[in-house]
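S.K.: I need the structure of the sequence given here:
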Amino acid sequence: MNVISYYPTYSLLDSILSYSKSNTLNIYIDLKNVAKSLFIEDVVVNLVESTKRSRRIDSSIFTSFLNYIAFHKEYSLKREIDINFYVFFEMGQSYYHKNIDKNYKANREIDELFGLDKVGRELFTKINQSNLKLIERVFNRVPNVKVLCLEHFEADFIPYYLIKKSLVNDGCNVIYSTDHDMYQTLNLSENIFQYARGNDAASKRKIIMKNQIMKTYLKSNVNIPDEYFILSMAVMGDKGDNVPKVKGIGPKTIIKIIDQLVKCVEGMDNLYSNVMSDKPIFRDNIENEIDDKAILSIIENERKNSIISKNLKLTSFEIISSVFDNPPTTEILDKRKKVHEVLNNKKIIKSNVMCEALEKLNIDFDTTQLYLLYANKKMPFG
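M.R.: Residues are numbered from 1 along each chain as shown. Predicted coordinates:
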């Protein structure tokens, strides 16, 4: 059973490489986002029933991920390019986010999972977590793959953090995720792309890049700087993550007011600085200089409940990266240490040893695909 259908075409990858003019492809995989099938009833029920029948954890998530990486590895060998994978996901609720807003992602907490009873729900959680932990343990020991699992800390900012801090190999960077939070990362360089695929139809495949962020987000052919994206999102909220919005303000209003709003916060750098130091983002009595009702509403909401400041702390990768680099708690410090340990780890387990270990664990997998991951341009597989 394949739980990952988020595949690009070779021609799409060719076009990205052609545009970037690079011979190295860095792929950032938002694992839970690309594994959309784990939110489909038939898949969930089949995983649970399969585990009950065999009395061992169904490893379909692991094998689907192996297929996924092998597909891209085969592409790199055929095109004679280097390829690196940076896989990221979180486990458990983010303490950092919950401390800012206890309702963050509250609408994703599932009390009932497709009619499964409590035992079934607990079993599905066990299947999911066991597969994710196996992916982390195994693929951090094969060449050119780094799996970054953050416990109790949101992992969406990882591509932004890795690229901005120059912690990754130079090359063409492609993010696999439908999450529009990731648009922030595209603004770092013209050599960063986001593959945001729909559920099925090939026609829904699309690539987003720098200078297309605001056009894509607002679904309008606007000429608004990409750097204003995160402030726009802070105002409009994010329903999927339960990030609140300023009532009455949508894309059409943002298009009209965003330039003036940026002036009111005295520029994006100043805005970030004030939020990170817990200072007011609007100066005193600025209301007296403004006659736009929408901007006055934003200022009022900020004064009453810090809605913009809170939303930026929840969603701004720049701010979250700063917290990650200057951790206020030992919990966050430990997570940063783990990320750097994974990135710096060079220990690779030989392919035959890895196969033997997986076989002993009774994991169903394609040995050919696993061996494929160890091939390179100088010593191609087969």
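
S.K.: ok, which stretches of this protein are strands?
M.R.: 24-30, 82-91, 145-151, 172-176, 192-195, 207-209 (DSSP state E).

S.K.: which other residues reach the longest one?
M.R.: Residues external to strand 82-91 that are found in contact with it (Cβ atoms under 8 Å, 6 or more residues apart in numbering): 23-32, 69, 72-73, 75-76, 129, 132, 135, 139, 144-156, 158-159, 162, 168-169, 171, 377. In this view, the C-beta of every residue, glycine as well, is placed from N, C-alpha and C.

S.K.: can you check stretch 264-281 too?
M.R.: 227-228, 231, 262, 282-283, 286, 290, 295, 299, 302, 308-309, 312-313, 316, 318-319, 322.

S.K.: just to revisit the earlier point, tell me which of the strands of the chain lies nearest to residue 6.
M.R.: Among these, strand 172-176 comes nearest to residue 6, with 6.2 Å by Cβ to Cβ.

S.K.: what packs against that closest one?
M.R.: Applying 3 or more Cβ pairs under 8 Å, 6 or more residues apart in numbering; DSSP states H and E, one finds that strand 172-176 contacts helix 10-20, strand 24-30, helix 158-164, strand 192-195.

S.K.: residues near residue 298, how many?
M.R.: 26 (other Cβ atoms under 10 Å).

S.K.: Quick check, it in contact with residue 245.
M.R.: No - when contacts are counted by Cβ atoms under 8 Å, residue 298 is not listed as touching residue 245 (10.4 Å).

S.K.: Mutual contacts of those two, please.
M.R.: With Cβ under 8 Å, 6+ apart, residue 298 and residue 245 have common neighbours residue 235.

S.K.: which of the contacts of strand 82-91 count as buried?
M.R.: The neighbour count (16 or more other Cβ atoms under 10 Å) marks 24-32, 69, 72-73, 75-76, 132, 135, 139, 144-150, 152-156, 158-159, 162, 168, 171 as buried among the contacts of strand 82-91.

S.K.: Kindly write the PyMOL command that selects the buried subset of the contacts of stretch 264-281.
M.R.: Entered in PyMOL, the line below selects the buried ones among the contacts of stretch 264-281, by 16+ other Cβ under 10 Å:
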select buried, resi 227+228+231+262+282+290+295+299+302+308+309+312+313+316+318+319
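
S.K.: Give me the helices and strands touching the longest helix along the chain, please.
M.R.: Longest helix in the chain, counting residues (DSSP state H): helix 118-139. Applying 3+ Cβ pairs under 8 Å, 6+ apart, one finds that helix 118-139 contacts helix 41-54, helix 60-79, strand 82-91, strand 145-151.

S.K.: what about the helices in the stretch 151-300 of the chain?
M.R.: Counting by DSSP state H, counting those that start in this stretch, the stretch 151-300 of the chain has helices at residues 158-164, 183-186, 213-218, 229-236, 251-264, 268-276, 293-305.

S.K.: pLDDT below threshold where in the stretch 251-382 of the chain?
M.R.: 377-382 (pLDDT under 70).

S.K.: try 90
M.R.: Scanning the stretch 251-382 of the chain with the threshold set as pLDDT under 90 gives 364, 376-382.

S.K.: Tell me how far stretch 329-344 lies from the chain's centre.
M.R.: 18 Å (Cα atoms, centre = their mean, to the nearest Å).

S.K.: for that stretch, which positions count as buried?
M.R.: For stretch 329-344, a neighbour-count test (16+ other Cβ under 10 Å) marks 332, 335-336, 339 as buried.

S.K.: Can you give the contact residues for that stretch?
M.R.: So stretch 329-344 is in contact with 95-96, 140, 146-148, 150-153, 158, 161-162, 167, 323-325, 327, going by Cβ under 8 Å, 6+ apart.

S.K.: Over to stretch 188-195?
M.R.: Contact with stretch 188-195 is made by 8, 12, 16, 19-20, 22, 160, 163-164, 171-177, 182-183, 185-186, 205-210, as judged by Cβ under 8 Å, 6+ apart.

S.K.: Which positions within that stretch qualify as buried?
M.R.: 188, 191-195.

S.K.: what's the spacing between that stretch and its chain's center?
M.R.: Taking Cα atoms, centre = their mean, one finds the center of stretch 188-195 at 14 Å from the center of the full chain.

S.K.: Repeat that for stretch 358-369.
M.R.: That offset, for stretch 358-369, works out to 28 Å (Cα atoms, centre = their mean).

S.K.: repeat for stretch 342-350
M.R.: On the basis of Cα atoms, centre = their mean, stretch 342-350 is displaced by 23 Å from the centre of the chain it belongs to.

S.K.: Tabulate the CA atom coordinates of it in PDB.
M.R.: Coordinates of each C-alpha in stretch 342-350 appear next as PDB, following Å, rounded to 0.1, in the frame of the first residue of the first chain:
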ATOM      1  CA  VAL A 342      22.000  14.900  12.500                       C
ATOM      2  CA  LEU A 343      23.500  17.400   9.900                       C
ATOM      3  CA  ASN A 344      27.000  16.700  11.100                       C
ATOM      4  CA  ASN A 345      26.700  12.900  11.400                       C
ATOM      5  CA  LYS A 346      28.600  11.100   8.700                       C
ATOM      6  CA  LYS A 347      28.100   7.500   9.900                       C
ATOM      7  CA  ILE A 348      26.800   5.400   7.100                       C
ATOM      8  CA  ILE A 349      25.700   1.800   7.500                       C
ATOM      9  CA  LYS A 350      26.600  -0.500   4.600                       C
END
